[in-house]
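Asker: The sequence isn't on hand, but the structure is:
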């Protein structure tokens, strides 16, 4: 597109392609981070369940006289570990929610650009942006 002043603008389809590629990279990054968060949370939840079970059996054994009261420090350590796990699981849940929100915001940006860009074409959606 040439003008009388010699300035040439880029083809709107090329701009669109650049925007889609950029948003797609961001979407993939958010999805990767969300997967990392979920993997950490899943592993932590598994360890949490084991620690809670061990603590419950230890307390029951102590109450029934099958374990000495000296093991109460072990119960305290398990209790502290369980509390730390609960805090971390809650933090990971919040982080996962934020990643979903950020990922969704990319869809909103993409949809806004699509509705205002007369050169928008459907094949751009196939690049991955705009999908959950």
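Answerer: Received, thanks. For clarity, every value in this text was computed on a predicted model and none was experimentally measured.

Asker: Which helix or strand contains residue 5?
Answerer: Assigned by DSSP states H and E, residue 5 belongs to neither a helix nor a strand.

Asker: what's the burial count for it?
Answerer: Residues lying near residue 5 (other Cβ atoms under 10 Å) number 6. In short, each C-beta sits where N, CA and C put it, glycine included.

Asker: OK, contacts around it?
Answerer: For residue 5, no contacting residues are found, by Cβ atoms under 8 Å, 6 or more residues apart in numbering.

Asker: mind listing what residue 94 touches?
Answerer: Taking Cβ under 8 Å, 6+ apart, one finds nothing in contact with residue 94.

Asker: what helix or strand does it sit in?
Answerer: With DSSP H and E as criterion, residue 94 is part of helix 72-116.

Asker: in this protein, which helix or strand is least confident?
Answerer: helix 72-116 (a mean of 91; mean pLDDT, DSSP states H and E).

Asker: what's the spacing between the helix holding residue 94 and its chain's center?
Answerer: The chain centre lies 7 Å from the centre of helix 72-116; the measure is Cα atoms, centre = their mean, to the nearest Å.

Asker: Okay, buried residues for stretch 19-28 please.
Answerer: 19, 20, 23, 24, 26, 27 (16 or more other Cβ atoms under 10 Å).

Asker: and the two most separated of those?
Answerer: The largest separation in the buried residues of stretch 19-28, counting by Cβ to Cβ, is between 19 and 27 at 12.3 Å.
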